[in-house]
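S.K.: A structural model of the following input is requested.
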Amino acid sequence: PAWLAYLLTRWKNVGKAILFYWLSQTYPQTVRGWLRAWAQEQLPDGFAVDVHFKPKYDPWDQRLCAVPDGDLFAALSSGRASVVTDTIQRFTAG
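M.R.: Residues are numbered from 1 along each chain as shown. Coordinates of the predicted model:
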């Protein structure tokens, strides 16, 4: 039945997310390498992967953008989207 398929699919996806978080916290350098490799294989040659997809922090220490269907990478490859990466130099009181 549809409700069972939904329930099983939902818990499969929750389990995958929990596993990925655990791997990220337990083996951050390995997961960091996987993420970089996955991004690099979906982007055109010469794309600045290390500038935009290799942060200084470990996976899940701050944020992680999930792109399960690769649509962001397709948009970047076709030129329909762009990425701007920068560093905040300072905060000033307003």
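
S.K.: who touches the helix or strand of the chain with the lowest mean pLDDT?
M.R.: Least confident helix or strand, the chain: helix 49-52 with a mean of 92, by mean pLDDT, DSSP states H and E. The contact list for helix 49-52, computed with Cβ atoms under 8 Å, 6 or more residues apart in numbering, reads 36, 39-40, 43, 83, 85. For the C-beta atoms, the positions are set from N, CA and C on the backbone; glycine is no exception.

S.K.: now do stretch 24-35
M.R.: 20, 23, 53-54, 58-61, 64.

S.K.: which phi and psi does A2 have?
M.R.: Listed backbone geometry of A2 is phi -60, psi -40, with angles given as degrees, to the nearest 10.

S.K.: Now do L35 against T92, distance only.
M.R.: Distance check for L35 against T92: by Cβ to Cβ, to the nearest Å, it reads 33 Å.

S.K.: which one of the contacts of helix 49-52 is nearest S77?
M.R.: The shortest separation between S77 and any of these is 6.1 Å, and it belongs to L43 (by Cβ to Cβ).

S.K.: Provide the count of other residues in contact range of that closest one.
M.R.: Applying the criterion other Cβ atoms under 10 Å, we find 19 residues in the vicinity of L43.

S.K.: picking up where we left off before, so which bits of the following helix or strand past the least confident helix or strand of the chain are buried?
M.R.: Counting by DSSP states H and E, the element after helix 49-52 in chain order, helix or strand, is helix 71-78. Buried residues in helix 71-78, counted by 16 or more other Cβ atoms under 10 Å: 72-73, 76.
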